[in-house]
Structures are given as C-alpha cells and as structure tokens.
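Q: sequence first, predicted coordinates after that:
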Amino acid sequence: MGRMRGDYDVVVVGGGPGGMAAALGARESGAERVLIVDREPEPGGFLVQCIHAGFGLHHFGEELTGPEYAERFLEQVLDQDIDLLPDSYVAGLAVDTDRHKQVRVLSGTHGAQAVTARSVVLATGCRDRTRAGIRIPGERPAGVYTAGLAQKLINQWGYLPGRRVVILGSGDVGLMMARRLMLEGSEVLGVFELLPYSNGLGRNIVECLEDFGIPLHLSTTVTHVHGHERVERVTVAPVDEHMQPIPGRGWDIPCDTLVVSIGLIPETELYQRLAIGIDPNTSGPIVSSTLETSMPGVFACGNSLHVHDLVDYVTAESLDAGRYAGEWARGIRRPGDNVRLVPGDNVRYCLPHTLSPGREHTVYLRVKAPRGPCRIVVGGRLEQALPFVVPAEMIMLRLRPELLEGLQGDTLRIDVLDAPHDSRETPHGR
C-alpha cells in the first residue's frame, strides 16, 4: 500500500467496493500493473461507515457488515499485488494517444505526479443530494444533515447529530438512520416522503420503521426550516398530485435536527472535465456493452455509473468493467455495438446504452412507478413475469445472444407492462 510507479496497464479511480472489484477484474483479465487511487485515508468507500449487516448475500453467500465486506476485498487486492494509493486525488486525465493516458495524481506521500495508463476505470461512487438541491425555504441553522453525513457522525466519529429528529425522504440510508438514531437514544418524530410511495427497499421499511414504531408520512414534505443558531422546528405539509404543498394544511414539528435523505447522485466531476457523454436519466455516463464511456479506453462502473441498491450488484458490474479495461490495456478489442437499448413504458432508465450481437449481456433497469403483477418485455420477444416492481429496487436481466438476432443497426426497447389477465399464459424466454 502506498507504492506508485510511473506506468500502469490500468488505473482505477476510487477505492470503494466498485474500485476494488474493478482492479481485481483487471488483474483477472491479464493486466499486470494495476493502481487504485482513493481520496480517503483507508479504502472501502461508504462501506466503512455501514456497520449494519446485510451485505454479501449474493457475492459471498453470507451476511456481512459493510466493514467486513470491504475487508474481504482489501485482502484480495493486497494478495494480487495491486498498488493502492490512499489519501490521494486524481487531479486530471489527459489522453495522449488511443493507447496512452496521462493521469495526474496528488498524493501526500508522493506529491504531484503523472502516471501513464493504457486504460482507466472511473469508480468514483456517489454523493448525497443536499437541502440546496431541492431548495427548502427557511433559515440556515446548524442541525441539518444529509443521511450519509449523519451516518458517518454516529458510526465513525461517535457523535450524536441530535435528540429530536425529523427525516425528509425515505431513501435506504435515511431509513437505516431512523433506526440507528432510535438505538442511540434519539427520538425520531417521523419520516416524510414527497412521493406517494417509499424510495427505500421494502425490508428496510419493516425493519427500520415499523419495528420501531416510527411513522412514515407519504405525499408529505418539509416546507420550511426554522431556527437561528440551531434548528428549532420544521413545517411539513401534504402535497397534491403535482407534488406541490397544499396551502393551509401544514403543521409545525418542534425538533433540533433535520436529516435529509432525498437521493444519491453519481460523482461525475471527472466525467464532466473529460466531456464524456452523460445520461440525464441516471446522471451518470453513457456506456457501451463493455462499460466503456464515450472516451476510448475509459470505463465506468458502480455508483458513479448509476446508483445501485445492493453493493453485490456494484461488485458484479465493476468486476466486468475491470475485465474489459484489462483487455483494452492488452490490446484486445471486442466487436463494436450496433444495437441501441432504449427505455419504454414505465422504465426510467436501462443500461448499458448499446449492445453487441453474438454474446450475452447483463442489463440493469429501474421503473418509474410501482406496478404489479407485471411482465418485462424486451424487444417484443422476451417476457419475464414479476409479482411487483418498485423504483427503489433495481432489476437485473440477462439477455441471451439470440434475442439480438436481426436487430443490427436497430433499437431494442424494454417495457414493463401489466401482467396478462389470462394467468395461464406462459411468459416467453424464461
């Protein structure tokens, strides 16, 4: 750890679960010199502050805490002789030729250095959307935190954010913080969600709210923050079908803390500096079937590509991105994509954005609104029946090569439709 050379096959930006998995994937595909650059003093990303269990069921076949999951990958990274540079920043990336990229690194140990890479994987993760992102009116007192910061304060630094807490938004981190705050002695006065349904996983609604008697108010939002030095109270109000507060229906809740859990945003500063194409539906980069961005030899994965609900999915996707980056570094080029994947009915996004005939693909998608029972229809050919779908739960599909036959130069549409009334109808392609 801390070693830095001048030339690498693959440089991975980010040392969270995505970055470590991508580095391992690159080594697996034959890349000999791999570097991970991470801005935190220790690798693991958000996992190090997630002391609850629930990680690893898909990848390891057992339930782990976040730090345990991160530790297993760190051990593999060190065993594979992958260079790891913590407490360091990638200040820029310049493309000299199709085969060489200059990565500028700022490190407390090595100072300002430039290393050469044949391919780069961007696994920079995501960040919390803040109060400013939705422009909640009111003063700017102490006591307003994002859910991620509140989690770090308690789990890593040992500080209690407040005693009487209101939570805005029902994202998974916010739901888990409701439970965590209750366990630490705070009073959680309620979780308020703008939408008519929760943005968290169903199991977290049960385990974090219902089991602790914490009320969930749907179609309700915070309309004002009151307080000079510290939060004194917040005003909440129900919203109409246009998501606008209903006049005269609001009420005040005395509290000293507001935790904001209103979604996560891919960390795309480096993508923007490189003028890499961005998908407005995911706020992450546009990628091919090999998870390559619009800049040749630069790949993306994990929460910087699109926000995942399970770290196991981050791992699977990032292993693939690392393998493709390793192949690129060794001069291996796969056939170009010529099928465009497009979201259809009740699909907010689907990716990768393009596909290549002749091989199997893993496709990720999210729906716009809850629906069930329903069926996923791909190109009018494949149907997969599901009891229900919700925006909080990402769907992963495996598309077989025969589905793309005859679609070269065309588009492939994914729809999530109501299930047929005749329950005896057999879905295709199952």
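A: Received it, and whenever you're ready, just let me know what you need. Numbers count the residues shown, from 1 in each chain.
Q: measure residue 159 to residue 43 for me?
A: Distance from residue 159 to residue 43, counting by Cβ to Cβ, to the nearest Å: 23 Å. For every residue, glycine as well, the C-beta is placed using N, CA and C.
Q: name the residue in the two with the higher neighbour count.
A: Each of residue 159 and residue 43 had its neighbours counted (other Cβ atoms under 10 Å), and the higher figure belongs to residue 43 (25 against 9).
Q: now the more buried one: how far from residue 371?
A: Spatial separation of residue 43 from residue 371 under the definition Cβ to Cβ is 39 Å.
Q: over to residue 186?
A: Applying Cβ to Cβ to residue 186 and residue 371 gives a distance of 36 Å.
Q: so those two - more neighbours on which side?
A: Taking other Cβ under 10 Å, residue 186 and residue 371 do not tie; residue 186 has more neighbours (21 against 18).
Q: could you measure from the more buried one over to residue 114?
A: Note on residue 186: its distance to residue 114, by Cβ to Cβ, is 48 Å.
Q: domain boundaries for this protein, per the record?
A: Split into domains by automatic domain parsing, the chain comes to 7-127+265-329, 130-262, 339-418.
Q: ok, which stretches of the stretch 151-300 of the chain are strands?
A: 164-168, 187-192, 216-217, 220-226, 233-238, 251-254, 257-260, 264-266, 298-300 (DSSP state E, counting those that start in this stretch).
Q: return the most buried member of these.
A: For the strands of the stretch 151-300 of the chain, ranked by mean neighbour count under the definition mean count of other Cβ atoms under 10 Å, the leader is strand 298-300 at a mean of 30.
Q: hmm, who's touching that strand?
A: The set of residues external to strand 298-300 that reach it, using Cβ atoms under 8 Å, 6 or more residues apart in numbering, is 22, 93, 101, 119-123, 271, 274, 276, 284-285, 287, 290-293, 321-322, 324-325, 328.
Q: pLDDT on it, on average?
A: If you average the pLDDT over strand 298-300, you get 97.
Q: ok so residue 21 is a helix residue?
A: Yes. Read with DSSP: H, G, I helix; E, B strand; the rest coil, residue 21 is one of the residues of a helix.
Q: got the confidence number for the closest residue to it other than its chain neighbours?
A: For residue 21, the nearest residue in space outside its immediate sequence neighbours is residue 318; the separation is 3.8 Å by Cβ to Cβ, 6 or more residues apart in numbering. According to the prediction, residue 318 has pLDDT 98.
Q: what of residue 359?
A: At residue 359 the predicted local confidence, pLDDT, stands at 87.
Q: same check, this time on residue 381
A: Note for residue 381: predicted pLDDT of 79.
Q: residues contacting residue 238?
A: Contacts of residue 238 by Cβ under 8 Å, 6+ apart are 219-220, 245-246, 249.
Q: what's the neighbour count on the residue nearest to residue 21?
A: With neighbours defined by other Cβ under 10 Å, the count for residue 318 comes to 31.
Q: now the stretch 301-430 of the chain, which segments are flagged as low pLDDT?
A: Flagging of the stretch 301-430 of the chain using pLDDT under 70 yields the residue ranges 406-409, 421-430.
Q: which residues in it form helices?
A: Residue ranges of the helices in the stretch 301-430 of the chain, as given by DSSP state H, counting those that start in this stretch, are 311-329.
Q: what does the stretch 101-250 of the chain give?
A: Counting by DSSP H, counting those that start in this stretch, the stretch 101-250 of the chain forms helices over residues 131-134, 147-155, 172-183, 202-204, given from the N-terminal end onward.
Q: switch those helices over to TSV; also include distance to residue 336, mean pLDDT and mean neighbour count.
A: Below are the helices of the stretch 101-250 of the chain laid out as TSV (distance: least, Cβ to Cβ, whole Å; pLDDT from 0 to 100; neighbours: other Cβ atoms under 10 Å):
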stretch	distance to residue 336	mean pLDDT	mean neighbour count
helix 131-134	37	72	14
helix 147-155	38	95	21
helix 172-183	37	94	23
helix 202-204	40	87	15
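Q: looking at those, which is closest to residue 393?
A: For these, the distance to residue 393 is smallest for helix 202-204, at 7.8 Å, taking Cβ to Cβ.
Q: what comes into contact with that closest one?
A: The set of residues external to helix 202-204 that reach it, using Cβ under 8 Å, 6+ apart, is 172, 175-176, 390, 392-393.
Q: off-centre distance for that helix?
A: Taking the mean C-alpha point of helix 202-204 and that of its whole chain, the gap between them comes to 18 Å (Cα atoms, centre = their mean, to the nearest Å).
Q: then stretch 22-33?
A: Centre-to-centre, stretch 22-33 and its host chain are 23 Å apart (Cα atoms, centre = their mean).
Q: could you do stretch 244-252 as well?
A: With Cα atoms, centre = their mean as the basis, stretch 244-252 stands 33 Å off its chain's centre.
Q: go on, stretch 120-140?
A: Distance, stretch centre to chain centre, for stretch 120-140: 13 Å (Cα atoms, centre = their mean).
Q: tell me which residues of that stretch are tucked away?
A: In terms of neighbour count (16 or more other Cβ atoms under 10 Å), stretch 120-140 has its buried residues at 120-129, 131, 136, 138.
Q: same deal with stretch 346-356?
A: For stretch 346-356, the buried set under the neighbour-count rule, 16+ other Cβ under 10 Å, comprises 346-347, 349-356.
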